[in-house]
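Undergrad: Provided below are the primary sequence and the corresponding predicted coordinates.
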Amino acid sequence: MMKGWVRLHRQIEHWKFYFKEPFDRSHAWIDLFMLANHANGNVVIRGNIIEIKRGQVGYSDLQLSRRWQWSRKKVENFLNWLEKDQQIVQQKNRLLNIKTIINYDKYQPEVDNRVDNRVDNRVGTNNNNNNNNNENKLPPYPPRGDLIRGKKDPYANYKVI
């Protein structure tokens with residue numbers, strides 16, 4: 001089994017294929033992480049201020065059913081299955097069904113975005129000549145729509161593993 005984690009930017013949902021088809025369970029699970037608050041906050045529902053903490057999802061089952069292109073019953077069954085599997089805890093009230101991802105901090109540790117916490121442990125690294133390598137670097141993923149407009153695919157010569 002592979003270890004470690006990858007960062008997944010929330011803007012991936014703007015990719016043209018993200019909502020193209022109804023979600024499967026894996027896609028819905030990843031989407032819950034993207035919908036979860038990364039910091040404590042509040043939401044106003046029908047004039048009531050409700051606190052949504054880090055790692056909680058403040059979307060109703062109806063909103064999720066529309067987003068995932070599922071029936072409400074399928075959403076309810078999936079969330080109940082996640083709760084039974086001890087992946088989430090649901091807090092249902094008359095205004096909102098808050099889903100708390102149990103190990104959110106394990107999967108999404110808080111990172112100070114102002115500082116890169118990686119350490120370069122290589123001996124004798126010299127970064128003075130980085131300008132020569134800049135033209136070979138690729139963006140993390142193609143900007144949305146560039147491939148449609150007939151621009152050259154920067155990933156055409158790379159093999160997907």
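TA: Everything's here; your move. Numbering: from 1, shown residues only.

Undergrad: Could you identify the helix or strand that succeeds the lengthiest helix in the chain?
TA: Using DSSP state H, we find that the single longest helix of the chain is helix 72-84. Downstream of helix 72-84, the next assigned helix or strand under DSSP states H and E is strand 88-92.

Undergrad: next structured bit after that following strand?
TA: strand 97-101.

Undergrad: contacts for the helix or strand that that next one is followed by?
TA: Counting by DSSP H and E, the next helix or strand C-terminal to strand 97-101 is helix 104-107. With contacts defined as CB atoms under 8 Å, 6 or more residues apart in numbering, helix 104-107 is touched by 5, 33, 36, 54-55, 101. From N, CA and C alone the C-beta is placed, and that goes for glycine too.

Undergrad: could you dump helix 104-107 to PDB, C-alpha only?
TA: Provided in PDB are the C-alpha atoms of helix 104-107 (Å, rounded to 0.1, in the frame of the first residue of the first chain):
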ATOM      1  CA  TYR A 104     -10.200  15.100   9.000                       C
ATOM      2  CA  ASP A 105      -7.000  16.400  10.600                       C
ATOM      3  CA  LYS A 106      -5.200  13.200   9.800                       C
ATOM      4  CA  TYR A 107      -6.100  13.500   6.200                       C
END
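
Undergrad: who's in contact with the closest residue to residue 74 other than its chain neighbours?
TA: Nearest residue to residue 74, sequence neighbours excluded (CB to CB, 6 or more residues apart in numbering): residue 65, at 7.4 Å. Residues near residue 65 by CB under 8 Å, 6+ apart: 71-72, 74-75.

Undergrad: measure residue 65 to residue 7 for me?
TA: 28 Å (CB to CB, to the nearest Å).
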